[in-house]
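Novice: Only the shape, not the letters, is given here:
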């Protein structure tokens, strides 16, 4: 029986040593950037540092990490139970629904007992209310705050051995879910029925609630970006789009595949072959020292030769790691995109997504989750890279 008076009644996703190393590396980066206190607001970064996790991140939460002093959470009174039960750092204040989180956050700054002159914040995230930043600037001055999202983004870019183990398991679970979905396709079934089979497989395999999807969309609806199942019926002649993400300890792996009900026409077969060829080209290009831009160009050039330049509206890939709904990508950590000249390094992980959407017809795309290795890349997802044909009868 778990005793809530224990320090860690439910254990930690990673060892205490790993968390201590993450905090130490973060503080070293803060010191280098001249930051006295870091305001951590994204669910992924809070989890990465502390183990705290909840689906209730739609209400206010912040983690204040001082260079010298005592870290402080500020969360709702309800969600503070997650701090007590799941985080290795317990110190913090609570806000009851309807109370002023601004005043409580400033109180949290004081509770760190740190010398505070320069304050870093996550400028590219979605989770810092402007009125909190306004209050901080009102107290310390506009010049005291500094954009510091890069601090944690840089640290999360290369995965530790423990994180890589989680990515492998997440990718394995994603592959199990994908196989279940492809086998479940049949004319007359709905997107929801097939997606239910996928979700059941993900959960039965030991996965957690995925950070996105599962996406199962049939026919012309599939051309609509990020469309979820909405009871549409699978019909003969339809291409069925799948994007399935597995989740393990909040780390995600994802794969994209296509099924076709009945033999595909020449155009559908060509589009599938183009996406697969683009994916293969990207996989062949990935290696330490190659840039993110190199990988994007390798895939995009194949899509252009295949005549799908206008329909390939997406970046070619994005970092994979810690994720909470609504998305499993770490795009702020690293993108596979034109203009990103950052060289790849072993331990980086990506979801490669050469896919094209054709208005009035549907989607066509294939993807893999991959790990940059010392001499190339390792594909972590494991489903045949082919257009899956389903009988129309």
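Specialist: Arrived safely. Since this is a predicted model, take the numbers as computed values, not measurements.
Novice: Which residue ranges of the stretch 51-200 of the chain form strands?
Specialist: 61-66, 72-76, 92-95, 119-121, 145-147 (DSSP state E, counting those that start in this stretch).
Novice: Select, out of those strands, the one closest to residue 214.
Specialist: Comparison of those against residue 214 by C-beta to C-beta identifies strand 61-66 as nearest, at 27.2 Å. Yep, even glycine has a C-beta here, placed from its N, CA and C like the rest.
Novice: pLDDT of the biggest helix by length in the chain, averaged?
Specialist: The longest helix of the chain (DSSP state H) is helix 161-184. Averaging the model's pLDDT scores along helix 161-184 yields 98.
Novice: What about the nearest residue to residue 159 once chain neighbours are set aside, how many residues nearby?
Specialist: By the measure of C-beta to C-beta, 6 or more residues apart in numbering, the closest residue to residue 159 outside its immediate chain neighbours is residue 347, 5.0 Å from it. Residue 347: 17 surrounding residues under other C-beta atoms under 10 Å.
Novice: same thing with residue 110?
Specialist: One way to gauge burial is a neighbour count; for residue 110, by other C-beta under 10 Å, it gives 11.
Novice: And residue 259, by the same measure?
Specialist: Here the number of neighbours of residue 259 (other C-beta under 10 Å) works out to 23.
Novice: Residue 218 too?
Specialist: Residue crowding around residue 218 was assessed by other C-beta under 10 Å; the count is 25.
Novice: what helices or strands is the longest helix of the chain leaning on?
Specialist: helix 191-204, strand 239-248, strand 251-261, strand 368-372 (3 or more C-beta pairs under 8 Å, 6 or more residues apart in numbering; DSSP states H and E).
Novice: Just tell me which of the ones you listed ends up closest to residue 109.
Specialist: Across the helices and strands packed on helix 161-184, residue 109 has its closest neighbour in strand 251-261 (31.4 Å, C-beta to C-beta).
Novice: picking up where we left off before, switch the helices and strands packed on helix 161-184 over to a markdown table; also include mean pLDDT and distance to residue 9.
Specialist: Formatted as a markdown table, these follow (pLDDT from 0 to 100; distance: least, C-beta to C-beta, whole Å):
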| stretch | mean pLDDT | distance to residue 9 |
| --- | --- | --- |
| helix 191-204 | 98 | 24 |
| strand 239-248 | 98 | 21 |
| strand 251-261 | 98 | 22 |
| strand 368-372 | 98 | 32 |
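Novice: circling back to that earlier point, columns mean neighbour count on top of the strands of the stretch 51-200 of the chain, output as JSON lines?
Specialist: Compiled in JSON lines, these are given as follows (neighbours: other C-beta atoms under 10 Å):
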{"stretch": "strand 61-66", "mean neighbour count": "24"}
{"stretch": "strand 72-76", "mean neighbour count": "24"}
{"stretch": "strand 92-95", "mean neighbour count": "20"}
{"stretch": "strand 119-121", "mean neighbour count": "23"}
{"stretch": "strand 145-147", "mean neighbour count": "15"}
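Novice: what's the closest of these to residue 227?
Specialist: Across those, residue 227 has its closest neighbour in strand 61-66 (30.0 Å, C-beta to C-beta).
Novice: Pairing partners for the closest one, with directions?
Specialist: Partner strands for strand 61-66, per DSSP bridges, with pairing direction: strand 37-40 (antiparallel), strand 72-76 (antiparallel).
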